[in-house]
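Peer 1: below are the sequence and a predicted model; questions follow.
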Amino acid sequence: MEIGAIIAHVLLFIVFYFEVFLLVSFIERQRSGTRDENATASYSPSVCLIVPCFNEERTLAATLDSLLALAYPKEKLEIVIVNDGSTDTTQTIAKRYTRHPHIRIFKKANGGKHTALNLALKNTEAELIGCLDADSVVKKDALARLVHAFQNPRVAAITPGIHVHTPHSFIQHLQNVEYRLAIFNRYAFAGLGSIFITPGPFSIFRAETVRKVGGWRHGHSTEDMELGLRLQEHGWLILNEPRAEVYTSAPRSLAALIRQRIRWNYGFFKNALDYRHLFGNPRFGNLGLIVLPAALLSMFAAFFFIGRVLWYGAQELAEAWIRFNAVGITTPSVDPFFINTSTLILTVYILIALTVVLIALGTRLSTVRGFPPLATPAFLVLYGFMVPLWLSASLVKAVLNTGVSWR
Amino acid sequence: MCSEISNTRTAKWSTYAIAFVITVAIFATALYASNYFQNRRMAEIRETQENISIDILSLETQFDLLTQRSCEDVTESTILPSELRTLAERLSYMESQRTTPRDDLLRLKRFYSLLQIKDILLMKEITAKCGLKAVTILYFYSNEENECKDCEKQGYVLTDLGEEYPQLRVYSFDYHMDVSALQTLISIHGVKPELPALVVQSKVHYGYKNQEEVLDILPKMEKLDSALAD
């Protein structure tokens, strides 16, 4: 067997093992019924929700309206808009909402999202603090579903189920499928005590804990990942409630998606380096032993497999071109003899089927009913080819230490 | 309150073990299925070769009887060119699949070359004795890297011609195949290692030939048509 095939089999085995591991953990968790059902329903701690804004005139109103509509005791809810040096009409729109007694606005020079969050953290006395990016909206019952987790004193944060807000473009539909898969993964990671990202859209934290660990940091433009890793490093728990639904605006075009993912992956590479002592370290349980190493390895596996597919695809194309030049267009053979049934290909088919199961589970975990999105086949075929576009760029940027911008 | 979720941070080794067993089982199943299909392919090729072998034996027997019987009893050949073509395509596919054991494949290719030579010889004798008009091309190629960049293209042209003219007999040989009968055939026709090479009516033509050029070196079209009609 050639060396490339050996590497392919080993990588595929690891990727497969990780997916099976998540599925087994999920089934074990479902069977033991550990979904915080025993939490007290009437628990309503004070909550401060921060809306950091930088030129969000288009989406801010919808975000604030959804926060005002939250089914949560108003006297326990505080909404803090932090205008992080916007140059558009964000401030004017924000001011319209000051008639609500529990909304406050802070205006500051642009310093990045983490500075906006820290400003609010400094100026609140609420027990819990959360963030909702100004491009997202929440469902009415989302906050009520999330706060119960904090009855456990070891819990520092909880993440919601994140969906794509009304997907229109093809790229958004692909992300809609990806987000369903992420819902499953995040839920499974939570069961393993291994969530290492507390996403911007509506993650809720214990304010005291965030202060204790030093507040938000720049985190290589991914402050949500940096804080997640830091909380894990300090031994805190991060949970997930997929039924608390948040709808976020996903990039509409491929170029915008690539920009966003370069930032995310750059952040992952850099934070992975900063928190390298967590990798493979049994002291951090499942996170150190399997989740972080698998996350890193899956990125390199994506490079390898797409490289391999492109290499063999180019060979096939070259062959087809030679054939076309020799005899013109020919009818392809329908002889089943020529169907590729190598171990690698058969395993890839099973892996794809398993991924569909995980997407379906992600859909079932939320309150969305029905089947996986219609774009699932397109996601399975195309998404893998898109990943190297941002992976390679973010890796180069991480190696050269160039930094990344938010927009 | 301390929910069960909060206690799952530490690794639960049984989960790791169960996942490992399931993954190994899936890979083992895929490996078994892959081997099963691979063996079925090999068996299919062997079966086709056996059939051809029986056909040749039958033809030889018919030929031996010729001294006592008339040419009318001999069909042009019992081996259909399409059978040879299918076999060639399948062997070529197996060769491109790196998972096929080299020794098994080589054995199949050797046998295939011998069957073709045997068929050539019989066709030659039948043609001479019974006055049949067979149109044959001996095609020599190489799979060695950088030795014959046009062989793939030439193969497509000949396959296409074979499909267009169903009784045109194209015999393809790997020039470097270690079969003594093949090396004798090469030396009889004086084929030099300048590939691709085509032998038509005992004349060797070197270099890539497109469809028109191949038809040009064959007996004229009307002759080809009449041969096909016979």
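Peer 2: Done, it's in.
Peer 1: restricting to C-alpha, output stretch A:259-272 in CSV.
Peer 2: Presented in CSV, the C-alpha positions along stretch A:259-272 are these (Å, rounded to 0.1, in the frame of the first residue of the first chain):
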residue,chain,number,x,y,z
ARG,A,259,-13.4,36.1,5.7
GLN,A,260,-15.4,35.0,8.8
ARG,A,261,-13.8,31.5,8.8
ILE,A,262,-10.3,32.8,8.3
ARG,A,263,-10.9,34.8,11.5
TRP,A,264,-12.3,31.7,13.4
ASN,A,265,-9.6,29.4,12.3
TYR,A,266,-6.8,31.9,12.8
GLY,A,267,-8.2,32.3,16.3
PHE,A,268,-8.2,28.5,16.8
PHE,A,269,-4.6,28.0,15.6
LYS,A,270,-3.4,30.9,17.8
ASN,A,271,-5.4,30.0,20.9
ALA,A,272,-4.5,26.3,20.4
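Peer 1: list the contacts of that stretch.
Peer 2: A:219-222, A:225-226, A:229, A:251, A:279, A:292, A:295-296, A:299, A:390-391, A:393-395, A:397-398, A:404-407 (C-beta atoms under 8 Å, 6 or more residues apart in numbering or on different chains). In short, each C-beta sits where N, CA and C put it, glycine included.
Peer 1: and if you look at stretch A:90-108?
Peer 2: A:53-57, A:60-61, A:64, A:68, A:74-75, A:77-85, A:115-116, A:119-120, A:123.
Peer 1: now do the same end-to-end measure for it.
Peer 2: Stretch A:90-108 has its terminal residues 13 Å apart, counting by C-alpha to C-alpha, to the nearest Å.
Peer 1: try stretch A:221-240
Peer 2: 23 Å.
Peer 1: avg pLDDT for it?
Peer 2: Average pLDDT, stretch A:221-240: 94.
Peer 1: next one: stretch A:138-155
Peer 2: 94.
Peer 1: buried ones in it?
Peer 2: A:138-139, A:142-152, A:154-155 (16 or more other C-beta atoms under 10 Å in any protein chain shown).
Peer 1: now stretch A:165-176
Peer 2: Buried-residue list, stretch A:165-176, by 16+ other C-beta under 10 Å: A:His165, A:Pro167, A:Ile171, A:Gln172, A:His173, A:Leu174, A:Gln175, A:Asn176.
Peer 1: and chain B, which of these contact it?
Peer 2: By C-beta under 8 Å from any C-beta of the partner chain, no member of those lies near chain B.
Peer 1: domain map for chain B?
Peer 2: B:15-132, B:134-230 (automatic domain parsing).
Peer 1: returning to that earlier point: the buried residues of stretch A:138-155 in helices, which ones?
Peer 2: Cross-referencing the buried residues of stretch A:138-155 against helices under DSSP state H gives A:Ala142, A:Leu143, A:Ala144, A:Arg145, A:Leu146, A:Val147.
Peer 1: got the contact list for the fourth one?
Peer 2: Neighbour list for A:Arg145: A:Glu241, A:Arg243, A:Ala244 [criterion: C-beta under 8 Å, 6+ apart].
Peer 1: from A:Val80, how far out is it?
Peer 2: Going from A:Arg145 to A:Val80 by C-beta to C-beta, to the nearest Å gives 21 Å.
Peer 1: now the two most distant members of the buried residues of stretch A:165-176.
Peer 2: A:His165 and A:Leu174 (14.7 Å; C-beta to C-beta).
Peer 1: any idea which helix is longest in chain B?
Peer 2: Using DSSP H to define each element, chain B has its longest helix at helix B:13-65.
Peer 1: so what does that helix touch, helix or strand wise?
Peer 2: helix A:3-32, helix A:343-365, helix B:81-96, helix B:102-130 (3 or more C-beta pairs under 8 Å, 6 or more residues apart in numbering or on different chains; DSSP states H and E).
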